[in-house]
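1. Would you be able to build a 3D model of this:
(one chain, ligands or ions: 2)
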Amino acid sequence: MAVNTPPRLGFEYAPAPEATDHFQLAGVYKLFLDGEFVAPASEQHLATINPATEETLAEVSVANEADVDRAVKAARKAFATWSKLPGSTRARYLFRISRIIQERARELAIVESMDGGKPIKESRDVDIPIAAAHFHYYAGWADKLEWAFPNRKASPIGVAGQIIPWNFPLLMLAWKIAPALACGNTVVLKPARTTPLTALLFAQICQQAELPPGVVNIVTGISSTGAAMVAHPDIDKIAFTGSTDVGKYIMRTTAGTRKRLTLELGGKSANIVFDDAPLDQAVEGIINGIFFNQGHVCCAGSRLLVQESIAAPFLDKLRARMARLRVGNPLDKNTDIGAINSADQLQTIKEYVESGITEGAEIFQPPCELPKRGFWFPPTVFSNVSQSHRIAREEIFGPVLSTLTFRTPEEAVAKANNTPYGLAAGIWTDKGSQILWMAQHLNAGVVWANTYNRFDPTSPFGGYKESGFGREGGWHGLHPYLELH
Ligand code: NAP
Ligand code: MG
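-> Ligands and ions are numbered 1, 2, ... in the order given. Reported below is the predicted structural model:
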């Protein structure tokens, strides 16, 4: 198939960067243990950089085993009183946290974009508001646990160890901390190495909300910090979001112990377009599905399955739309695609794209000028992809879409389910019956119809197969944090 480069628009947007002079980052951040910022026993620090500029933003502490132990002891001590508080009192703290997140939303959004590279319009309109909404939502459950599980007694499980990734730092923190606290547990949370800053601002918010000391403890660090949490004998539950490889390691390590476990791992989700779909709307959904957050999304619609009869015109529309995407400064309000989170992740993406070319797929990248410094990758779509290609099977976690075609709904289902993962799927069609039939046959935790990447605190999220187990969000999200008698 010949690939024509669509013409560029004849005008440019003026730069519209967010100001960063209305807040001050600390030069060095300590650990947040027992309600205070304290120096790490390890005496080690690491720099977190802005991936758009490669400049150091701050130094954060590296927690070692002794630091993790201090955090767990603080959480255990706090559990004795926090778990006994009336639900309505716990709710009050969660509402307060939600309100402070809203009040500090601008600062949080800017720091999130600077530390991780995501466009400000996403951190401002998606990450931070939904993080606040999670606290608000689970505050509502805190005094209703008695009614959530009729004829059963629900009690908290104890100290939760929570390990989160770098793609939605504050949002993943909220997904984990809000239900844990609502149910009466206390937590030790480890943010990812490359994006620790909003978790440290959240620690300040806990102080501002006068949350009792030890209920939330934040241990920044590296993978060995997470491993120390997984191995700690006094942690009752591990909640992990991240790569399938680390998830498997955690599952092996916790097997045979009393630790409870939930895993939210990777995905290779199919976004399926039928010939009766409203094509322009579907193009927007495909774009959103794969280029939102540079494709650093566990449920990214990274496999486009398009019905053969419309494949050629659909890809033409898609390429034309891709040529309009603006790649660049994450703090610019008109940016669609920001910086790749780290040099390592950029390298991974480049290797996958090389493999796609070597294995015979056809690549399209619109002409786009990438900044000189920082980590960048242009929006990329592959056509002529076969199911055996690595780019069709493995999670790339970048702005790279692989296109496959199908003729019948049965073939679409077979191809969509032909993956070790099972996190999400999207269906684009005019027919309600087609949506219901497809949703019944797809092995995916979330199925979106004529939309994609819609998140809401009331809606459960989680996977099948190697995408993990356990649900976060909604009533389902209470289960991992409760013992039911
Ligand atoms: P990762 O290594 O799984 O990191 C996720 C979290 O686990 C981070 O906080 C990480 O800490 C921590 N961690 C790493 N090794 C650990 C260990 N042995 N024990 C306990 N905790 C450990 O993911 P990544 O390397 O950042 O990303 C690699 C791939 O994971 C991506 O390409 C993508 O495919 C996938 N991923 C999926 C999601 C998702 O939402 N499902 C999110 C991120 C990444 P450090 O950051 O300090 O190493
Ligand atoms: Mg960073």
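2. For residue 273, see how far away the residue nearest to the spatial centre of the chain is.
-> Nearest residue to the geometric centre of the chain (Cα atoms, centre = their mean): residue 168, 4.1 Å. To residue 273, residue 168 is 26 Å away according to Cβ to Cβ, to the nearest Å. (C-beta placed from N, C-alpha, C; glycine too.)
3. if I look at the residue nearest to the centre of the chain, how far off is residue 359?
-> 31 Å.
4. And the residue of this structure closest to ligand 1?
-> Closest to ligand 1 within the chain is residue 226: 2.2 Å, counting by Cβ to the nearest ligand atom.
5. need the contact list for that residue.
-> 163, 190, 246 (Cβ atoms under 8 Å, 6 or more residues apart in numbering).
6. Same question for it, what's its three-state structure.
-> Assigned state for residue 226: helix (three-state reduction, DSSP: H, G, I helix; E, B strand; the rest coil).
7. Just the pLDDT for it.
-> pLDDT for residue 226: 98.
8. What of the one 4 residues further on?
-> Note on residue 230: pLDDT of 98.
9. let's have the chain start at 23 instead
-> From this message on, residue numbering opens at 23, which makes the last subject residue 252.
10. what's the helix or strand for it?
-> According to DSSP states H and E, residue 252 maps onto helix 245-253.
11. Beyond that helix, next helix or strand please.
-> Trace forward from helix 245-253 with DSSP H and E and the next one is strand 259-263.
12. what separates that next one from the chain centre, distance-wise?
-> 14 Å (Cα atoms, centre = their mean, to the nearest Å).
13. Would you mind pulling the contact partners of it?
-> Contacts of strand 259-263 (Cβ under 8 Å, 6+ apart): 179-187, 194, 197-198, 202, 207, 251-252, 268-269, 272, 276, 281-287, 320, 492, 502-503.
14. Stretch 222-233 too?
-> Here stretch 222-233 has contacts from 51, 54, 57, 59, 82, 115, 118-119, 122-123, 126, 129-130, 133, 192, 195, 199, 237-238, 240, 242, using Cβ under 8 Å, 6+ apart.
15. can you tell me which of these are in strands?
-> With strands defined by DSSP state E, the entries of the contacts of stretch 222-233 inside them are 51, 54, 59, 82, 238, 240.
16. what distance separates stretch 332-347 from the centre of its chain?
-> That offset, for stretch 332-347, works out to 27 Å (Cα atoms, centre = their mean).
17. tell me the mean pLDDT for that stretch?
-> 97.
18. Same check on stretch 95-103?
-> In the prediction, stretch 95-103 has an average pLDDT of 98.
19. mind listing what's buried in it?
-> 95, 96, 97, 98, 100, 101 (16 or more other Cβ atoms under 10 Å).
20. The third one and residue 240 touch, don't they?
-> This means residue 97. No: checked against Cβ atoms under 8 Å, the pair residue 97 and residue 240 is beyond contact range at 11.1 Å.
21. Could you list the low-pLDDT ranges of the stretch 23-172 of the chain?
-> 23-32 (pLDDT under 70).
22. Okay, helices next: where are they in it?
-> With DSSP state H, counting those that start in this stretch, the ranges of helices along the stretch 23-172 of the chain come out as 87-104, 109-125, 127-138, 142-144, 150-164, 167-170.
23. quick one, domains of this structure?
-> 50-287+489-506, 292-471 (automatic domain parsing).
24. Out of those, the one nearest residue 477 is which?
-> domain 50-287+489-506 (5.7 Å; Cβ to Cβ).
25. Could you check that closest one against ligand 2 for contacts?
-> Yes: part of domain 50-287+489-506 sits near ligand 2 under the criterion Cβ under 5 Å from the ion, namely 70, 137, 216.
26. what's the span of that domain from first residue to last?
-> Across domain 50-287+489-506, the terminal residues are separated by 42 Å (Cα to Cα, to the nearest Å).
27. ditto for stretch 482-491
-> End residues of stretch 482-491 are separated by 12 Å (Cα to Cα).
28. Flag every buried residue along it.
-> 482, 483, 484, 485, 487, 488, 489, 490, 491.
29. Among the residues you listed, which lie within strands?
-> Using DSSP E, the buried residues of stretch 482-491 in strands are 490, 491.
30. Mind picking the two most distant members of the buried residues of stretch 482-491?
-> It's 482 and 488 that sit farthest apart of the buried residues of stretch 482-491, by Cβ to Cβ, at 18.8 Å.
31. Take the contacts of residue 248 and keep only those in helices.
-> residue 268 (DSSP state H).
32. now the contacts of residue 248: which count as buried?
-> Among the contacts of residue 248, the ones that count as buried (16+ other Cβ under 10 Å) are 185, 212, 268.
33. Just the pLDDT for the second one.
-> The model reports residue 212 with a pLDDT of 98.
34. Residue 243 is in contact with that one, correct?
-> Yes: Residue 212 lies in contact with residue 243 (Cβ under 8 Å); the separation is 6.4 Å.
35. any residues in contact with both of those two?
-> Common neighbours of residue 212 and residue 243 (Cβ under 8 Å, 6+ apart) are residue 85.
36. Could you count how many residues lie near residue 256?
-> 12 (other Cβ atoms under 10 Å).
37. can you tell me which residues contact the nearest residue to it once chain neighbours are set aside?
-> In space, and not counting its chain neighbours, residue 256 is closest to residue 94: 5.2 Å by Cβ to Cβ, 6 or more residues apart in numbering. Counting by Cβ under 8 Å, 6+ apart, residue 94 touches 181, 183, 210, 251, 254, 256, 257.
38. Give me the distance between residue 307 and residue 394.
-> Taking Cβ to Cβ, one finds residue 307 at 33 Å from residue 394.
39. Which residue is the nearest non-sequential neighbour of residue 480?
-> residue 496 (5.1 Å).
40. so the one you found touches residue 481, yeah?
-> Yes: using Cβ under 8 Å, residue 496 makes contact with residue 481 at a distance of 5.5 Å.
41. Name the residue in the two with the higher neighbour count.
-> residue 496 (17 against 14).
42. so what's the more buried one up against?
-> By Cβ under 8 Å, 6+ apart, the neighbours of residue 496 are 479, 480, 481, 482.
43. so what's the first one closest to, chain neighbours aside?
-> Distances taken as Cβ to Cβ, 6+ apart place residue 159 nearest to residue 479, at 3.7 Å, with adjacent residues excluded.
44. sorry, back to before: make CSV from the contacts of residue 248 and add distance to ligand 1 to it.
-> Listed next are those as CSV, based on distance: Cβ to the nearest ligand atom, whole Å:
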residue, distance to ligand 1
185, 5
212, 6
268, 4
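45. can I get the contacts of residue 248 in a markdown table with distance to residue 351?
-> Shown next, in a markdown table, are the contacts of residue 248 (distance: Cβ to Cβ, whole Å):
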| residue | distance to residue 351 |
| --- | --- |
| 185 | 30 |
| 212 | 29 |
| 268 | 31 |
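46. What strand or helix carries the residue of the stretch 373-507 of the chain at minimum distance from ligand 2?
-> Proximity of the stretch 373-507 of the chain to ligand 2 (Cβ to the ion) peaks at residue 397, 10.7 Å away. In the assignment (DSSP H and E), residue 397 maps to no helix and no strand.
47. who's in contact with it?
-> Contacts of residue 397 by Cβ under 8 Å, 6+ apart are 73, 74, 76, 139, 361, 362, 363, 364, 365, 367, 368.
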